[in-house]
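[1] dropping the sequence and predicted coords here.
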Amino acid sequence: MDFSLATRGEEIAFSAETTGPDEFSATLGGKDYHIRVSRITEFELCLFLSCGGKTSVKRVFVAPGNAGKWVAARGDCRFIRDLSTERARQGRKKGLSEGPKPITPPMPAVVVRVSVSVGDEVEPGDPVIVVSAMKMETTLTASFKGRVERINAAVGDKVAPGDILVDIAAVE
Amino acid sequence: MFSKVLVANRGEIACRVIRCLKEMGISSVAVYSEADSRALHVRLADVAALLGPAEPASSYLDAEKIIAAARDTGAEAIHPGYGFLSENAGFAEACQKAGLTFIGPPASAIRALGRKTAARRLMMQAGVPVIPGMERPSSDLGLLTREAARIGYPVLVKATAGGGGKGMRVVATESDLAEAAKTAEAEAKAAFNDGGIYLEKYLDRPRHVEIQVLCDRHGNAVHLLERECSIQRRHQKIVEESPSLALTPELREEMGRAAVAAARSAGYENAGTVEFLVDRNGGFYFLEVNTRLQVEHPVTEMVTGVDLVRRQVEIAAGLPLNLRQEDVRGRGHAIECRICGEDPENSFYPCPGTVLFVHEPTGPFIRNDSGIFSGATVPVEYDPLLGKLIVWAEDRAGAIARMRRALSDYAVLGITTIIPFLSDVLASEPFARGELHTGFIEEHFSGWKPAPPGTDVTALAAYAADELFGGPVKPSPGAGYSEAFASPWRTLGGFRL
């Protein structure tokens, strides 16, 4: 099975071959591994990782997420994205990658203040909208010189990353 | 003693208090918002009352609803936990009017100490050193600008009703003052329903050291040593320990005496904390009094062996504090890490969502004060604190080693937490050397990144293993009492020995 994964800004591709009812082999980080898997629960696995004649025990936790899996190993918990699922879905996504830095919250949040009106001219760094998540307020600022074209959110709205809260048209 | 107590809070602290009530043989009442109907504190309690919608103003900050819930369920007292209504003098008064005991200080003491500007005046009168700053709150930009110039930049904008860094901003230059004042005021208004702000001199690289006090209504007052809380991000603590390496026995005694004097001068009762900044020469300045149980109280419990929540309940019930100053002895070293649902790679932005799975560390001298569980929802409306991990060891090096081991056993899947960040802080040289100050994170960990994934073969192997060998868990052969196993106890039928 071929894996095309991404985590922490790095893309990793490798293939894994099942060699038994609870075993597989894979080349990871330039080394050949043979791995025996003991599934403990839905979320917990025990891996017996063999490489170069040495075997080590790894207690790991895995949970499926949206287009990827959450993996915890030795206190390092991270989300590993599955790029093959992600590529298949592209096109339906909201415009996170369109244009230079849109006004979008970094986390699910509630709008607490809109600092601009339609027609306002903004400079880079000008506060545009303030959102709050878990009692922390964050000011979203303009990343380029422009004019406010449309305001897509009102005070009290629940918003998520990818939602563009204010449309700003670049001005030369 | 009370027979039934309502806990006016949520999350780990509500669980902490309910567990103590159970141990005392007191019936517990949980309150909850619509967002928390599946929360752990609701399931731990004997009785639970729904307050209303998720917004704090309609639930955990709604004093009327909480008092009505206490009346309806027959509770005699209310434990407010920390945050929410815990430092609200009006709420303490309303409890009293309703014939309920507020488990905390009297309203007058909350008022005298909770308003930070008033507390500063009180401390100056009592001869406790304070940081230069404004004596009265104001949101008048003209006045703030003049005061900032008088105090000298950098200045700190603080909320008079504040706590936990809410409504606090460092301002380096005059041009940033207006926006900082506005956001601080709005944040304070949202968090405490009081938008009062003031300015204080910003000290360079001080330590944050606080003294725990306990006072009863019979005039007994003791301090329970210090907590070092210098490891902070966004002015909120994330790692706390006791004892502090910065305190000599003489300084500890001096600060302890000052803390008890401060509490006495305000007619304090119940558990409280006097916070100080300690500069590089061992000078200490009064910062504020927290008129409630602190998030980091377990650190004190671990080194002194005193159950602070139990003492709070006993004091509120009118029992005398049978603890003399000479009975309070620190033993060993305790460290607490706050497990926050935040992204340390992304300016510690909160990460609400669903916890798919949690595995908490166990082992000798390890304590988990936690409000999450596998399947828990972490709502966007509340604080990102998921739980606290506390360890104790005979000395500081042992406590660091134990905390590092415990963090490496921790797993939270489904939301991003600061666990990998905490591991790196605990593993760092400056932390090991004890060179702590409130700017520690900015100095040593700004732009922090976790270890690159390429070096971690285990995580990739785990991903592949889960994908390739998913599906139901195989029952292990030879499990003791399974149907398949022919035990003589099952096959022999009735007999007598």
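    Arrived safely. Values in this document were obtained by computation on a predicted structure and should not be read as measured data. Residues are numbered from 1 along each chain as shown, chains lettered A, B, ... in the order given.

[2] show me the domain layout of chain B.
    Listed by automatic domain parsing, the domain ranges of chain B are B:4-103, B:132-201, B:207-445.

[3] burial count for residue B:109?
    Residues near residue B:109, counting by other CB atoms under 10 Å in any protein chain shown, number 23. C-beta here means a position set from N, CA and C on the backbone, and glycine is covered the same way.

[4] what's near enough to touch it?
    Residue B:109 makes contacts with B:266-269, B:291, as judged by CB atoms under 8 Å, 6 or more residues apart in numbering or on different chains.

[5] show the backbone phi and psi for residue 50.
    Just going to use chain A. When read as degrees, to the nearest 10, the backbone of residue A:50 gives phi -110, psi 130.

[6] now do the SS call for the closest residue to it other than its chain neighbours.
    Leaving aside its chain neighbours, residue A:50 sits nearest to residue A:34 (4.5 Å; criterion: CB to CB, 6 or more residues apart in numbering or on different chains). Assigned by DSSP: H, G, I helix; E, B strand; the rest coil, the conformation of residue A:34 is strand.

[7] let me know the pLDDT of residue A:34.
    Note for residue A:34: predicted pLDDT of 97.

[8] isn't it right next to residue A:25, touching?
    Yes: between residue A:34 and residue A:25 there is a contact under CB atoms under 8 Å: 4.9 Å.

[9] which neighbours do those two share?
    Common neighbours of residue A:34 and residue A:25, counting by CB under 8 Å, 6+ apart, are residue A:19.

[10] quick one: find the helix or strand in chain A with the lowest mean pLDDT.
    For chain A, counting by mean pLDDT, DSSP states H and E, helix A:83-89 ranks last in confidence among helices and strands (a mean of 78).

[11] kindly report the residues of the stretch 201-350 of chain B close to chain A.
    Contact residues, the stretch 201-350 of chain B versus chain A (CB under 8 Å from any CB of the partner chain): B:234, B:341, B:343, B:345-347, B:349-350.

[12] report pLDDT for the residue of chain A most remote from its centre.
    Largest separation from the mean C-alpha position in chain A: residue A:53, at 36.3 Å (CA atoms, centre = their mean). pLDDT recorded at residue A:53 is 93.

[13] just the C-alphas of the strand or helix carrying residue B:209, formatted as CSV.
    Assigned by DSSP states H and E, residue B:209 belongs to strand B:207-215. Taking Å, rounded to 0.1, in the frame of the first residue of the first chain, the C-alpha atoms of strand B:207-215 are listed here in CSV:
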residue,chain,number,x,y,z
ARG,B,207,10.0,36.1,38.6
HIS,B,208,6.3,35.5,39.5
VAL,B,209,6.2,34.1,43.0
GLU,B,210,3.0,33.8,45.0
ILE,B,211,2.2,32.9,48.6
GLN,B,212,-0.8,30.7,49.5
VAL,B,213,-2.7,31.8,52.6
LEU,B,214,-5.5,30.2,54.7
CYS,B,215,-7.5,32.3,57.2
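
[14] tell me which other helices or strands that strand touches.
    Here strand B:207-215 touches strand B:221-233, helix B:249-265, strand B:270-278, strand B:284-290, helix B:308-316, going by 3 or more CB pairs under 8 Å, 6 or more residues apart in numbering or on different chains; DSSP states H and E.

[15] rerun at 6 Å
    strand B:221-233, helix B:249-265, strand B:270-278 (3 or more CB pairs under 6 Å, 6 or more residues apart in numbering or on different chains; DSSP states H and E).

[16] of all the ones you listed, which lies closest to residue B:462?
    Of all the helices and strands packed on strand B:207-215, the one in closest proximity to residue B:462, counting by CB to CB, is strand B:221-233 (29.1 Å).

[17] so for that closest one, what's the average pLDDT?
    For strand B:221-233, the per-residue pLDDT averages 97.

[18] quick one: it to helix B:308-316, angle?
    The directions of strand B:221-233 and helix B:308-316 differ by 140 degrees, with axes from the mean of the first three to the mean of the last three CA atoms, to 10 degrees as the criterion.

[19] ok, then the element right after strand B:221-233?
    Past strand B:221-233, the next helix or strand by DSSP H and E is strand B:236-242.

[20] which residues touch residue B:462?
    A:60, A:62, A:71, A:73 (CB atoms under 6 Å, 6 or more residues apart in numbering or on different chains).

[21] what about it, distance to residue B:228?
    As judged by CB to CB, to the nearest Å, residue B:462 and residue B:228 stand 37 Å apart.

[22] sheet partners, orientation included, of the strand holding residue B:209?
    strand B:221-233 (antiparallel), strand B:270-278 (antiparallel) (DSSP bridges).

[23] correct me, but residue A:86 touches residue A:66?
    No: the pair residue A:86 / residue A:66 is not scored as a contact, 9.7 Å apart, by CB atoms under 6 Å.

[24] out of the two, which sits in the busier spot?
    Set residue A:86 next to residue A:66 and count neighbours by other CB under 10 Å: residue A:86 wins out with 15 against 10.

[25] who's in contact with the more buried one?
    By CB under 6 Å, 6+ apart, the contact set of residue A:86 is residue A:67.

[26] if we use 10 Å, what do you get?
    By CB atoms under 10 Å, 6 or more residues apart in numbering or on different chains, residue A:86 lies in contact with A:4, A:6, A:66-68, A:93.

[27] look at the nearest residue to residue A:60 once chain neighbours are set aside and tell me its secondary structure.
    Leaving aside its sequence neighbours, residue A:60 sits nearest to residue B:462 (CB to CB, 6+ apart; 4.0 Å). Following three-state DSSP, residue B:462 is assigned to helix.

[28] what do you get for residue A:130?
    Secondary structure assignment for residue A:130 (three-state DSSP): strand.

[29] start to end distance for stretch B:391-399?
    End-to-end distance of stretch B:391-399 (CA to CA, to the nearest Å): 6 Å.

[30] quick one: mean pLDDT over that stretch.
    The average pLDDT for stretch B:391-399 rounds to 98.

[31] buried ones in it, by neighbour count?
    Going by neighbour count (16 or more other CB atoms under 10 Å in any protein chain shown), the buried part of stretch B:391-399 is B:391-393, B:396, B:399.

[32] circling back to that earlier point, go through the least confident helix or strand of chain A and flag the buried ones.
    Neighbour counts over helix A:83-89 (16+ other CB under 10 Å) mark residue A:83 as buried.

[33] following it, which helix or strand comes up?
    On the C-terminal side of helix A:83-89, the closest following helix or strand by DSSP H and E is strand A:109-114.

[34] what packs against that next one?
    On a contact count with 3 or more CB pairs under 10 Å, 6 or more residues apart in numbering or on different chains; DSSP states H and E, strand A:109-114 meets strand A:127-133, strand A:136-141, strand A:146-151, strand A:158-159, helix B:177-192.

[35] and residue B:13, helix, strand or coil?
    What three-state DSSP gives for residue B:13 is helix.

[36] what number of residues lie near the residue lying closest to it once chain neighbours are set aside?
    Among residues not flanking residue B:13 along the chain, residue B:81 sits closest, at 4.1 Å (CB to CB, 6+ apart). Counted with other CB under 10 Å, residues neighbouring residue B:81 total 27.

[37] surely residue B:81 and residue B:8 touch.
    Yes: assessed by CB atoms under 10 Å, residue B:81 is found in contact with residue B:8 at 6.8 Å.

[38] joint contacts of these two?
    Common neighbours of residue B:81 and residue B:8 are listed as B:14, B:17, B:60, B:103 (criterion: CB under 10 Å, 6+ apart).

[39] spatially, which two of those residues are the most separated?
    B:60 and B:103 (16.0 Å).

[40] what ranges of chain B fall below the confidence cut-off?
    Applying pLDDT under 70 to chain B flags residues B:164, B:452-455, B:471-497.
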